[in-house]
Every structure is written in C-alpha cells, then in structure tokens.
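*Asks:* missing the sequence, but the structure's below:
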C-alpha cells in the first residue's frame, strides 16, 4: 500500500519551478549577472547577455515581475485610459501606444470606459496608480475627458500633449488655448506636436523622461567594472604586450592567468604568455630579458593603481603548440566557443 501511495505522490508532484540559480548555472555566470540581464543593465557584455537569454529560453524561465519591481522600483507597465475603442481615432492611438510600449519592453494595462465622465476617469487613474504603473496615458477625444484630467490629484504630474498641429496653418492660434489650459492646471509641460512627424515626438519623449523616477543604483560610485580582478590583471599584461611589441607581436600569442592569490593587502599574480612556436619566445623576452621586464613592470604598476594595493607579479613565456585549437586553454583565457 505504501509503495502504491508513493507512486501516486510522485505522479501528482509538480515539477520544481525554474529559478534564477538554474539559469546562472546553465549560462555559467553568477546569479547577479542574471539579475542584471533581467533588469536590462547596460553593464553586461553582449555575448554574456546572449548566453543568459539563451539559458532562460532553454529552461523556460520567466522573470518574476513583482520581485523585479521591488528591486528596481519600476513595474515596466504603462496604464492607458481609453474610451470607445471602436472609433478609429482612439483605436489607432491605442494600437500605436501598445506597439511603442512593446518595442521599449513595457507592458500595457488598459482601462476602457463606457462614458468619459470626470468621476470615471479619476477612478480609472486611481486603479492604475494602485497597480504601480510607471506612467498613465489618457486618450481624451472629448472635452469631458480633458476636464477630468484637469482635476487629477496635484501629486500626479501631467504632460499636456496637443496633437495634430500639422493641421493648424497659423500656429499662433494655439497660444490662446495653451494659455487657457495653463490657467486651469499647473502642467509639468505643454507640448504641441504632430504624431506623424518624428521630430515633433522627440520633445514629448524628452519631457516625459524628465518625470521618470530614478532607479536604484546598480553599482557603487567607485565601481568602474563588474569584471573580476583576475580578468583585469590578465588584460593589463595583454595590453602591455600590444603596446611594447607593436608589429613585432607574434600573431598566435595569448595571456593565461595561472594563479591569483590575495594575502592580506598583497596580491600574488602568476601569468603565462603563450606562444605557438619556440622562435617566437625570444621576441617577447627581448635582449637580456628587457622586453619581458618592461611588460611586467608596467603591468604591475597599473595593477597596484587599479587594485589599490601591493602586487607581486611573475610573468614568463611558454611555448604551447596548437594552443589556439585547445578548447580547455581557450576557456581558461576567457574565450567561449
């Protein structure tokens, strides 16, 4: 009986949900990197971002929008209050909003009203605010909707966008209307524009960007990179190779970090410069070792400045034929195939 029950339990058990740690493991990165990709941080290398996104697709991972909103303070959702979407004007406007929001990575939450009264518009705006949307657009084809927007709470910044100005021959005719609207509410901005002209839309976007809340700091002010010190040390040695050897640098040359140890404030770093052929080794070492010494000295000084502490650096040249075809070597020096 117990065996039968156990089999039933296993059959009915739901599969474990995929979590961020699973994505990080498959992509070969830290969970912090996965988080940065999900939150659209610019501080992620393109190939790393692609690896993480591929892992998310393979695992069927879907980011938790609620958790992301708690971290970033942004829901990436726009609220839209609309009326009678069977009409061409509101329908086409709503379609344009949804398309632009999708292209920018935003969701859209729509409240469709039967009647555009002051109370219904205010109620719709409050519902969207409770959902934590990042911004609200009111499609107001009627005077009643405009009246409702004018009476929104003072803590809701409103941008008045006056569309279809391309149909007004004398733009001075807009001035009395703009002055009248300004008397009735302190708008964050008033932007006359034509949605059909990109150059008109850009000022509207800039005014709206000013109202976006500042997101949380992703990194400290003095954090100049997300890459580990081990990687940066190898890059500094590689840079000195290029700078000091120039055209003499053998084509098949690589830098491999063999050991990186931190003892108190001291960093002990052991680096191997790989060449493919024995006759390339003297080129890097130079007469009486002067080239290699200059490479090591300059790299060490920049490491100490970058890491803020003393560095003991050993650099030597090794002949490793065919290293460029060795996947294990390539992986150690940071090249993903």
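*Replies:* Sure thing, it's come through. All values derive from a computational prediction rather than experimental measurement. Residues are numbered from 1 along each chain as shown.
*Asks:* wait, residue 158 sits on residue 184?
*Replies:* No. Using Cβ atoms under 8 Å, residue 158 and residue 184 do not qualify as a contacting pair, with a distance of 11.1 Å. (Each C-beta comes from the backbone N, C-alpha and C, glycine too.)
*Asks:* these two - which one has more neighbours?
*Replies:* Shown here are residue 158 and residue 184; by other Cβ atoms under 10 Å, residue 158 has more neighbours (19 against 11).
*Asks:* relative to the whole chain's centre, how far out is stretch 96-103?
*Replies:* Taking Cα atoms, centre = their mean, to the nearest Å, one finds stretch 96-103 lying 19 Å from the centre of the chain it belongs to.
*Asks:* which residues sit against that stretch?
*Replies:* Counting by Cβ atoms under 8 Å, 6 or more residues apart in numbering, the neighbours of stretch 96-103 from elsewhere in the structure are 78, 80, 107-108, 137, 195.
*Asks:* same check on stretch 180-198?
*Replies:* By Cβ under 8 Å, 6+ apart, the list of residues contacting stretch 180-198 from outside reads 96, 150, 154, 157-166, 171, 174, 178, 200-201, 203-204, 207, 210-211.
*Asks:* for the residues you listed, which ChimeraX command selects only the ones that are buried?
*Replies:* Of those, the buried ones can be selected in ChimeraX as follows, counting by 16 or more other Cβ atoms under 10 Å:
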select :158,159,160,161,162,163,165,200,201,204,207
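*Asks:* the contacts of stretch 180-198 in strands, which ones?
*Replies:* 159-162 (DSSP state E).
*Asks:* can I get the residues you listed in TSV including pLDDT?
*Replies:* As requested, these are arranged in TSV below (pLDDT from 0 to 100):
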residue	pLDDT
159	81
160	82
161	81
162	82
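*Asks:* before we move on, the earlier item: going through the contacts of stretch 96-103, which ones are buried?
*Replies:* In the contacts of stretch 96-103, burial by neighbour count holds for 78, 80, 108, 137, 195, counting by 16+ other Cβ under 10 Å.
*Asks:* farthest pair within those?
*Replies:* Comparing every pair within the buried ones among the contacts of stretch 96-103 by Cβ to Cβ identifies 108 and 195 as the most remote, at 17.2 Å.
*Asks:* where in the protein is pLDDT low?
*Replies:* 1-16, 31, 39, 41-43, 63-75, 84-90, 104, 140-145, 212-226, 334-337 (pLDDT under 70).
*Asks:* would you map the strands across it?
*Replies:* Applying DSSP E to the chain gives strands spanning 77-83, 107-113, 135-138, 159-162, 189-192, 253-263, 266-275, 311-319.
*Asks:* go through these and pick out the most buried.
*Replies:* strand 77-83 (a mean of 22; mean count of other Cβ atoms under 10 Å).
*Asks:* got a list of contacts for that one?
*Replies:* Contacts with strand 77-83, where a contact means Cβ under 8 Å, 6+ apart, come from 90, 93-94, 97, 101, 106-116, 121, 124-125, 128-129, 131-139, 141-142, 145.
*Asks:* quick one on the thing from earlier: can you list the ones in strands among the contacts of stretch 180-198 in a markdown table and add distance to residue 270?
*Replies:* Written out in a markdown table, the entries for the ones in strands among the contacts of stretch 180-198 read as follows (distance: Cβ to Cβ, whole Å):
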| residue | distance to residue 270 |
| --- | --- |
| 159 | 59 |
| 160 | 65 |
| 161 | 62 |
| 162 | 67 |
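*Asks:* relative to residue 265, which of those is nearest.
*Replies:* Using Cβ to Cβ, residue 159 is the member of the ones in strands among the contacts of stretch 180-198 that lies nearest residue 265, at 53.3 Å.
*Asks:* quick revisit: inside helices: which ones of the contacts of stretch 180-198?
*Replies:* Counted as lying in helices by DSSP state H, out of those, are 96, 150, 174, 178, 200-201, 203-204, 207, 210.
*Asks:* including distance to residue 26, could the residues you listed go into a markdown table?
*Replies:* Compiled in a markdown table, those are given as follows (distance: Cβ to Cβ, whole Å):
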| residue | distance to residue 26 |
| --- | --- |
| 96 | 38 |
| 150 | 53 |
| 174 | 57 |
| 178 | 56 |
| 200 | 46 |
| 201 | 41 |
| 203 | 44 |
| 204 | 42 |
| 207 | 43 |
| 210 | 40 |
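*Asks:* out of the residues you listed, which comes closest to residue 58?
*Replies:* Relative to residue 58, and with distances defined as Cβ to Cβ, the nearest of the ones in helices among the contacts of stretch 180-198 is residue 96, at 34.3 Å.
*Asks:* do you know how far that closest one is from residue 198?
*Replies:* Using Cβ to Cβ, to the nearest Å, we find residue 96 at a distance of 13 Å from residue 198.
*Asks:* what of residue 147?
*Replies:* Remark: distance between residue 147 and residue 198 (Cβ to Cβ) = 31 Å.
*Asks:* who has more neighbours, the two?
*Replies:* Comparing residue 147 with residue 198 by other Cβ under 10 Å, the one with more neighbours is residue 147, at 15 against 8.
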